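Peer 1: got a predicted model here, sequence first, then my questions.
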Amino acid sequence: MTEKVSPIRFFEIFKLSVIFLAVQMGATLVMPVWFYDIIRPYFLFFAVATSVLLAYIVYMRTQRVELSYDDKGFRLKRGKTVESRRWTEFHKVLLVRTDGDFLVRLQDKESVDLPVSKLKLDPFSFRMKTLRFVEESRRGSS
Amino acid sequence: MIALKVTFTSEDVLCMLEKQLMMKGGRWVAEFTESERNHKVGDLTFDVYLRGGTRVKGLFLSRILSYFVLPNYQVACYISRIPSSNVISSEFLKKRLMLIRERAKEEELKWNWLFLVTEDEPSAKVAKLIEEARGDEGVLLYNLRSKSLVFSHNLLGKRMKASLKL
């Protein structure tokens, strides 16, 4: 049975919103005064709404991570990039800690990182699950 | 009244040790960044193999501090389950420590630990053997039933013992 994980990271959307809001605030400095006077009553509402909307669109297009997997393989979607692999393609499973995130690194000739922290999965138990998939699929293929 | 007894399997303990080393107290000793299960060294298989370094990763100030204050050593920790502490002898330890030293030489690993996990209480003879383990490697024996820890009385053994909350 295929399992699918694709949590929305609200903090990432919030961070992007703050950036877009700051850009819009900065834009007011170079705006003609007559134009600023027209939009001033609605500016804050407009700026916040467009920032959140833009942040959501950018997040969904570039940063959203979606992982679907079963005992045969997995499909990892990062933004618009999709990568589908089979567990048999790998022989080594590592749990890697980067600055604050955990990754499950699948290795063979090349390596693929599954961003478990971004997927809000427990890194230790997901690594064991992955290890079991890799070992079972290699046993089945040999 | 219902009494609940929580029993830990050796697999749970391995996971707990990994967490301790990678996320909790172990970070006072070294920054373990990679963990591998069933790692082969020579003809032996260690249940968990952890690798890392002594330079702490953190925010701006802690990075600068660790860059100037801490040595840049590569480190490794080998964790192995053993059926009983009775299997531990000087030959048993010597074989494992030799393999660890060879690997350390190949990969320039400066600090190494051998962590043994058992389900029974070690005898006084075994405890003495661990405590007096020769060499620079830290050797630790953890009893998952009584949660007691026997460790080598060298720098690495003492540091690891002081950092872990088992």
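Peer 2: Great, that's in hand.

Peer 1: neighbours of residue 128, how many?
Peer 2: Because you didn't say which chain, this covers chain A. Residues near residue A:128, counting by other CB atoms under 10 Å in any protein chain shown, number 18. For every residue, glycine as well, the C-beta is placed using N, CA and C.

Peer 1: try chain B instead
Peer 2: 12.

Peer 1: please apply the same query to residue B:83.
Peer 2: By the criterion of other CB under 10 Å, residue B:83 has 10 neighbours.

Peer 1: what's near enough to touch it?
Peer 2: B:118, B:119 (CB atoms under 8 Å, 6 or more residues apart in numbering or on different chains).

Peer 1: quick check, it in a strand?
Peer 2: No. Read with DSSP: H, G, I helix; E, B strand; the rest coil, residue B:83 is coil and lies in no strand.

Peer 1: tell me which helix or strand residue A:128 sits in.
Peer 2: helix A:123-141 (DSSP states H and E).

Peer 1: list the helices and strands that helix packs on?
Peer 2: Packing partners of helix A:123-141 (3 or more CB pairs under 8 Å, 6 or more residues apart in numbering or on different chains; DSSP states H and E): strand A:92-97, strand A:102-107, helix B:10-22, strand B:31-41.

Peer 1: repeat that for 10 Å
Peer 2: Contacts defined by 3 or more CB pairs under 10 Å, 6 or more residues apart in numbering or on different chains; DSSP states H and E place helix A:123-141 against strand A:65-69, strand A:73-78, strand A:81-86, strand A:92-97, strand A:102-107, strand A:111-114, helix B:10-22, strand B:31-41.

Peer 1: any idea what the residue of chain A at minimum distance from chain B is bridged to?
Peer 2: Chain B sits closest to residue A:95 of chain A, with a gap of 4.3 Å, by CB to the nearest CB. On the basis of DSSP bridges, residue A:95 takes part in beta bridges with residue A:104, residue B:35.

Peer 1: go ahead and confirm it touches residue A:107.
Peer 2: No. Using CB atoms under 10 Å as the test, residue A:95 is too far from residue A:107 to be in contact (11.9 Å).

Peer 1: thinking again about what came up before, now the helices and strands packed on helix A:123-141 as a markdown table including mean neighbour count, distance to residue B:100 and mean pLDDT?
Peer 2: As requested, the helices and strands packed on helix A:123-141 are exported to a markdown table (neighbours: other CB atoms under 10 Å in any protein chain shown; distance: least, CB to CB, whole Å; pLDDT from 0 to 100):
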| stretch | mean neighbour count | distance to residue B:100 | mean pLDDT |
| --- | --- | --- | --- |
| strand A:65-69 | 18 | 35 | 94 |
| strand A:73-78 | 17 | 34 | 94 |
| strand A:81-86 | 12 | 34 | 93 |
| strand A:92-97 | 21 | 19 | 94 |
| strand A:102-107 | 20 | 22 | 94 |
| strand A:111-114 | 17 | 25 | 93 |
| helix B:10-22 | 19 | 16 | 88 |
| strand B:31-41 | 18 | 7 | 92 |
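
Peer 1: okay if I get the ones you listed as CSV plus distance to residue B:61?
Peer 2: Shown next, in CSV, are those (distance: least, CB to CB, whole Å):
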stretch, distance to residue B:61
strand A:65-69, 30
strand A:73-78, 32
strand A:81-86, 35
strand A:92-97, 20
strand A:102-107, 24
strand A:111-114, 28
helix B:10-22, 22
strand B:31-41, 16
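
Peer 1: tell me which of those sits nearest to residue B:146.
Peer 2: Distance to residue B:146, taken as CB to CB, is lowest for helix B:10-22 among these, at 12.2 Å.

Peer 1: now the closest one, how far from the chain's geometric center?
Peer 2: When distances are taken as CA atoms, centre = their mean, to the nearest Å, helix B:10-22 is centred 10 Å away from the chain's centroid.

Peer 1: hmm, it touching chain A?
Peer 2: Yes. Counting by CB under 10 Å from any CB of the partner chain, chain A has neighbours in helix B:10-22: B:11, B:14, B:15, B:16, B:18, B:19, B:22.

Peer 1: what packs against that helix?
Peer 2: strand A:92-97, helix A:123-141, strand B:31-41, strand B:44-53, strand B:74-81, strand B:109-118, strand B:138-143, helix B:155-163.

Peer 1: which SSE is immediately downstream of the fourth one?
Peer 2: Which is strand B:44-53. helix B:60-69.

Peer 1: contact partners of that following helix?
Peer 2: Helix B:60-69 has contacts (CB atoms under 10 Å, 6 or more residues apart in numbering or on different chains) with B:31, B:53, B:54, B:55, B:56, B:57, B:58, B:72.

Peer 1: in it, what's buried?
Peer 2: By 16 or more other CB atoms under 10 Å in any protein chain shown, the buried positions in helix B:60-69 come out as residue B:66.
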